[in-house]
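Asker: Mind looking at a prediction? Sequence and model below.
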Amino acid sequence: MSRIQATFARLRKKMEGALIPYIPVGYPTAESSEHLVRTICESGADLLELGVPYADPLADGPTIQEAGAKALANGTNLRSCIEMVARLRHSGLETPIVLMGYCNSFLAYGLESLAKDAAEAGVDGLIIPDLPSKMANPWVEVFRPFGLDLIFFLAPTMSETRLASVVQKSTGFLYCISVTGVTGERESLPELLPAFLKQVRTVTEKPLCVGFGISRFQHVSDIIPYADGVIVGSALINVIKQANPDEVEEKVRAYINTMKKATRTVVSQS
């Protein structure tokens with residue numbers, strides 16, 4: 001059983017959802033990034049999504065784009081992301097880690113080299129927003145032998161055929177987009193989101209994790225009855241950005257603690 005599978009199995013026994021924070025590697029500074037990642041994991045993250053900064057991140061809203069641009073300016077690249085994961089694992093961190101990045105970054109590194117280096121470092125999976133499931137077979141053939149999950153997006157606007165393709169190819173969990181468009185904080189979530197999650201649940205038992213717009217306690221407690229986890233990105237970055245430098249760790253710890261508590265508010269109906 002993989003680290004990701006084991007985590008969801010453990011959480012289901014405890015009848016709580018997974019909290020999956022997102023943060024770009026190298027943000028807010030190259031020096032503070034690794035320590036901040038440890039703080040996030042120690043404060044309640046069940047899985048961690050580490051962003052590989054990219055110059056043209058199509059799925060990212062302005063908050064994550066700005067953070068990614070800063071991480072790029074700080075000298076972060078795919079190799080340094082993998083090296084950070086290796087250091088985290090060497091220090092004993094067991095939290096499952098998924099890298100989120102774009103096709104060009106991974107192709108430039110070389111897929112075989114990436115699969116080998118990522119697996120050796122302790123990466124558990126990859127999220128690639130601009131890789132359609134129907135074009136993913138060559139990637140799957142490279143990554144799966146190394147035990148790396150490929151996690152795909154599911155959107156409410158997908159056809160039944162496309163949805164079936166994504167469900168079939170995705171392993172680890174399914175990334176369910178709460179709204180069409182890009183990432184970013186939102187006041188409220190769509191009323192039809194529970195119906196979408198119920199529809200997906202009828203065709204798969206794989207873990208369903210909801211992202212895009214999740215930012216507050218109420219969002220999480222509303223979603224958890226229908227999903228296995230939530231992904232929080234822009235709101236976490238805003239916590240970091242708005243905090244005084246000497247208060248960042250304290251503010252992040254408090255925010256992650258609060259969001260984790262929300263995953264325990266309701267027994268999942270999934």
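Answerer: Alright, I've got the coordinates.

Asker: just for the stretch 51-200 of the chain, where's the confidence low?
Answerer: Scanning the stretch 51-200 of the chain for pLDDT under 70 picks out the ranges 57-59, 179-190.

Asker: so who does the spatially most central residue of the chain touch?
Answerer: Among the residues of the chain, the one closest to the centroid is E49, at 3.6 Å (Cα atoms, centre = their mean). Neighbouring residues of E49 by Cβ atoms under 8 Å, 6 or more residues apart in numbering: I20, P21, Y22, I23, V98, L99, M100, I127, I231, G233. In this view, the C-beta of every residue, glycine as well, is placed from N, C-alpha and C.

Asker: That one: what secondary structure?
Answerer: Assigned by DSSP: H, G, I helix; E, B strand; the rest coil, the conformation of E49 is strand.

Asker: and the gap between the residue nearest to it when sequence neighbours are not counted and T161?
Answerer: In space, and not counting its chain neighbours, E49 is closest to Y22: 4.2 Å by Cβ to Cβ, 6 or more residues apart in numbering. Separation of Y22 from T161 (Cβ to Cβ, to the nearest Å): 29 Å.

Asker: same check, this time on N137
Answerer: Applying Cβ to Cβ, the value for N137 to T161 is 16 Å.

Asker: do S221 as well
Answerer: Going from S221 to T161 by Cβ to Cβ gives 33 Å.

Asker: do the same with L131
Answerer: As defined by Cβ to Cβ, L131 lies at a distance of 18 Å from T161.

Asker: coming back round to it: pipe the contacts of E49 into CSV and attach distance to D117, secondary structure and neighbour count per row.
Answerer: Formatted as CSV, these follow (distance: Cβ to Cβ, whole Å; DSSP: H, G, I helix; E, B strand; the rest coil; neighbours: other Cβ atoms under 10 Å):
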residue, distance to D117, secondary structure, neighbour count
I20, 23, strand, 26
P21, 24, strand, 27
Y22, 22, strand, 25
I23, 21, strand, 25
V98, 15, strand, 24
L99, 11, strand, 26
M100, 17, strand, 25
I127, 17, strand, 26
I231, 25, strand, 26
G233, 25, coil, 28
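
Asker: now, among those residues, which is nearest to G211?
Answerer: Closest approach between the contacts of E49 and G211, by Cβ to Cβ: I231, at 3.3 Å.
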